[in-house]
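*Asks:* Take a look and give me a structure for this.
(4 chains)
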Number of protein chains: 2
Amino acid sequence: MIQGAQSRGRGAGTASLRRLPLYYRLLQQLVAGGVRYVSSGIIGRDLGLDPTQVRKDLEALGLSGRPRVGFAVSDLLRGIESFLGWDRPKEAVLAGAGNLGSALLRYRRFGEYGVQIVAAFDTDPEKIGRPIDGKEVYLLDSLPGRVRRMGVHLGVITTPPRAAQRVADLMVEGGVRAIWNFAPVHLRVSPSVVVQNEDLGHALASLSLRLAQEGPEDGLGGPARLVPDLEPEDPDAALQGGAQPDEG
Amino acid sequence: MIQGAQSRGRGAGTASLRRLPLYYRLLQQLVAGGVRYVSSGIIGRDLGLDPTQVRKDLEALGLSGRPRVGFAVSDLLRGIESFLGWDRPKEAVLAGAGNLGSALLRYRRFGEYGVQIVAAFDTDPEKIGRPIDGKEVYLLDSLPGRVRRMGVHLGVITTPPRAAQRVADLMVEGGVRAIWNFAPVHLRVSPSVVVQNEDLGHALASLSLRLAQEGPEDGLGGPARLVPDLEPEDPDAALQGGAQPDEG
DNA sequence: CGCCAATCGAGATGAGATTCTCGATTTCGG
DNA sequence: CCGAAATCGAGAATCTCATCTCGATTGGCG
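*Replies:* A predicted model of the protein is given here:
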């Protein structure tokens, strides 16, 4: 991914950081299959990456493998979880309880990454006071105060474009220091606030572009994520959205 | 961004490709404000990028500016649209009409990028035959045949993790050549099929990580997108999810 | 018309990322 | 116990990307 002007950590560069979730997913599927050890060559082959790169990435995490054997899958999983902070709980609030916002409030999988959305905000009186998936929906105007009292530092914006900037301002006012922005607008915030844009339209269009350009897959995300990104998963747990198209 | 093993185009590298949607968003806000010309310096300041980089990105699109004046905003918008293929219509199908899938079916903004989801598939009998936002929901088993008849090459997977691989196989069987995968699993598909992973959990966790690492914003996405990505928008049009928290 | 400032475009420089090469270690099969 | 194969780990080479520097062009102003 492209990092604009970002201070990168020491060990793992922003590049390898993006691949860790990919490894994590694959490793989870391997443990589910009873595999205990895996070589960088296997990982590389499945993910379309160079084995050396895989080793370097894992090395940056402080993990090491054994010649002729490979890496212990369980070590890798724990190492990645720890490195990415998935084992340290964090809370977030969401603004804009529309289609997308509601879906995110019901999304079951954030917990696996140590993140939990604890409250929602909206301006529609119809929505206030009606919890969505157990999360209370409050009036938008009360956001700064509540967020500050809750001590939450993560905010999710799923409002219409026109409301996004104001919501961002309210969040920052309440002490939010990182914003996950689904609204397709460029937010102007203090440089100390981290903004991660997640434009779904752009993401799908990006995929379409890759298709048109005949660019065989590499496993990475793509859009939004054009910038900093990550990801993981396990093949047996519950699941996201809600519908389970067979195969249960 | 990190691209696994991808054949990159000639003109614009994968890096600048990720920034184009950022420019697009900003430019749309500028036209809405009546601005006709903009310099690379202005764009760079607003987006936190180096002016030279902005010029290089735009240059890669075949666009040029005039000294002392800058670039014509309308030219830039058209150029980006064209380069990213947003002006060429494409159809997509979706599998997994759960929370997330439904939200995407109702998402109004794909059209702006030239993409339209034309049908959905699921295994839940309750959902079959009940259109969502005007899109018909069919039985998953009929996917290959229908997709082939419709001539669709884009597929979206919003199923539980366990169903994802089977759905991917069905899609490929039906002729889908690019998959947007929201299920947190690593899909194994033919190398000729493009897979773009969009793990929302990972994306949010990624943001959280950036926060913890004290990494001031750069405007880029982050996770998923790890690989090829993109994005755009206009500040006045309708909007995404559905809820409109004030400011209407 | 001539000067000044703004802005672009191109080349050079430097940092980061990816790939390649090679030596060391360990397991497996005689 | 010994040789072959696999795998890792470190260093070097290559590539891409981002930033810096500088000359050229253009519009505004006197």
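*Asks:* how about low-confidence regions in chain A?
*Replies:* Scanning chain A for pLDDT under 70 picks out A:1-11, A:213-248.
*Asks:* hmm, 80 instead?
*Replies:* A:1-12, A:212-248 (pLDDT under 80).
*Asks:* Longest helix in it, please.
*Replies:* Longest helix in chain A by number of residues (criterion: DSSP state H): helix A:14-32.
*Asks:* list the buried ones in it?
*Replies:* A:14-31 (16 or more other CB atoms under 10 Å in any protein chain shown). Using the backbone N, CA and C atoms, a C-beta is placed for each residue, glycine as well.
*Asks:* filter these by proximity to chain B?
*Replies:* A:14-19, A:21-22, A:25-26, A:29 (CB under 8 Å from any CB of the partner chain).
*Asks:* Can you lay out these as CSV showing distance to DNA strand C?
*Replies:* Output for these, formatted as CSV (distance: CB to the nearest atom of the strand, whole Å):
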residue, distance to DNA strand C
A:Thr14, 4
A:Ala15, 3
A:Ser16, 6
A:Leu17, 8
A:Arg18, 8
A:Arg19, 7
A:Pro21, 14
A:Leu22, 12
A:Arg25, 18
A:Leu26, 16
A:Gln29, 22
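*Asks:* Dump the residues you listed to a markdown table, plus distance to A:Gly96.
*Replies:* Converted to a markdown table, these look like this (distance: CB to CB, whole Å):
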| residue | distance to A:Gly96 |
| --- | --- |
| A:Thr14 | 29 |
| A:Ala15 | 32 |
| A:Ser16 | 33 |
| A:Leu17 | 28 |
| A:Arg18 | 27 |
| A:Arg19 | 31 |
| A:Pro21 | 26 |
| A:Leu22 | 30 |
| A:Arg25 | 29 |
| A:Leu26 | 34 |
| A:Gln29 | 34 |
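*Asks:* between these, which is closest to B:Phe71?
*Replies:* Among these, A:Thr14 lies closest to B:Phe71 (CB to CB), at 28.9 Å.
*Asks:* hang on, isn't A:Gly114 packed against A:Ala92?
*Replies:* No: A:Gly114 is beyond contact range of A:Ala92, at 10.8 Å (criterion: CB atoms under 8 Å).
*Asks:* Overlap of the contact sets of these two?
*Replies:* Jointly contacting A:Gly114 and A:Ala92 under the rule CB atoms under 8 Å, 6 or more residues apart in numbering or on different chains are B:Ser208.
*Asks:* In terms of neighbours, single out the busier of those two.
*Replies:* Between A:Gly114 and A:Ala92, counted using other CB atoms under 10 Å in any protein chain shown, A:Ala92 has the larger neighbour count: 24 against 20.
*Asks:* Might one say that the more buried one is in contact with A:Gly155?
*Replies:* Yes: assessed by CB under 8 Å, A:Ala92 is found in contact with A:Gly155 at 6.6 Å.
*Asks:* hmm, back to that, can you tell me which of the buried residues of helix A:14-32 are up against DNA strand D?
*Replies:* Checking the buried residues of helix A:14-32 against DNA strand D by CB under 7 Å from any atom of the strand, not one of them is in range.
*Asks:* Tell me which helix or strand the most far-flung residue of chain A relative to its centre sits in.
*Replies:* Within chain A, the residue lying farthest from the chain centre (CA atoms, centre = their mean) is A:Arg68, at 34.4 Å. Under the criterion DSSP states H and E, no helix or strand holds A:Arg68.
*Asks:* Tell me which other helices or strands the longest strand along chain A touches.
*Replies:* Ranked by residue count and defined by DSSP state E, the top strand of chain A is strand A:115-122. The criterion is 3 or more CB pairs under 8 Å, 6 or more residues apart in numbering or on different chains; DSSP states H and E, and the helices and strands that strand A:115-122 contacts are strand A:90-95, helix A:99-106, strand A:137-139, helix A:143-150, helix B:200-212.
*Asks:* Mind putting those into a markdown table with distance to B:Ile179?
*Replies:* Converted to a markdown table, the helices and strands packed on strand A:115-122 look like this (distance: least, CB to CB, whole Å):
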| stretch | distance to B:Ile179 |
| --- | --- |
| strand A:90-95 | 27 |
| helix A:99-106 | 20 |
| strand A:137-139 | 34 |
| helix A:143-150 | 37 |
| helix B:200-212 | 16 |
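*Asks:* Identify, out of the ones you listed, the most deeply packed stretch.
*Replies:* Highest mean neighbour count among the helices and strands packed on strand A:115-122 (mean count of other CB atoms under 10 Å in any protein chain shown): helix B:200-212, with a mean of 27.
*Asks:* Quick one: work out the angle between it and helix A:14-32.
*Replies:* With axes from the mean of the first three to the mean of the last three CA atoms, to 10 degrees defining the directions, helix B:200-212 sits at 140 degrees from helix A:14-32.
*Asks:* For helix B:200-212, enumerate the helices and strands it packs against.
*Replies:* Looks like helix B:200-212 contacts helix A:14-32, helix A:73-84, strand A:90-95, strand A:115-122, strand A:154-157, strand A:178-181, strand A:194-197 (3+ CB pairs under 8 Å, 6+ apart).
*Asks:* switch the cut-off to 7 Å
*Replies:* Using 3 or more CB pairs under 7 Å, 6 or more residues apart in numbering or on different chains; DSSP states H and E, the elements in contact with helix B:200-212 are strand A:115-122, strand A:154-157, strand A:178-181, strand A:194-197.
*Asks:* does it come close to DNA strand C?
*Replies:* No: residues of helix B:200-212 contacting DNA strand C under CB under 7 Å from any atom of the strand: none, with a closest distance of 13.8 Å.
*Asks:* relative to strand A:115-122, how tilted is that helix?
*Replies:* Using the same axes, to 10 degrees: helix B:200-212 against strand A:115-122 is 90 degrees.
*Asks:* Dump the C-alpha coordinates for helix B:200-212 into CSV.
*Replies:* What follows is helix B:200-212, C-alpha atoms only, in CSV (Å, rounded to 0.1, in the frame of the first residue of the first chain):
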residue,chain,number,x,y,z
LEU,B,200,-13.8,-5.5,7.5
GLY,B,201,-12.6,-6.8,10.8
HIS,B,202,-9.0,-6.6,9.6
ALA,B,203,-9.6,-3.1,8.3
LEU,B,204,-10.9,-1.8,11.6
ALA,B,205,-8.1,-3.6,13.5
SER,B,206,-5.6,-2.1,11.2
LEU,B,207,-6.8,1.4,12.0
SER,B,208,-6.7,0.6,15.7
LEU,B,209,-3.1,-0.5,15.2
ARG,B,210,-2.2,2.7,13.5
LEU,B,211,-3.7,4.5,16.3
ALA,B,212,-1.7,2.6,18.9
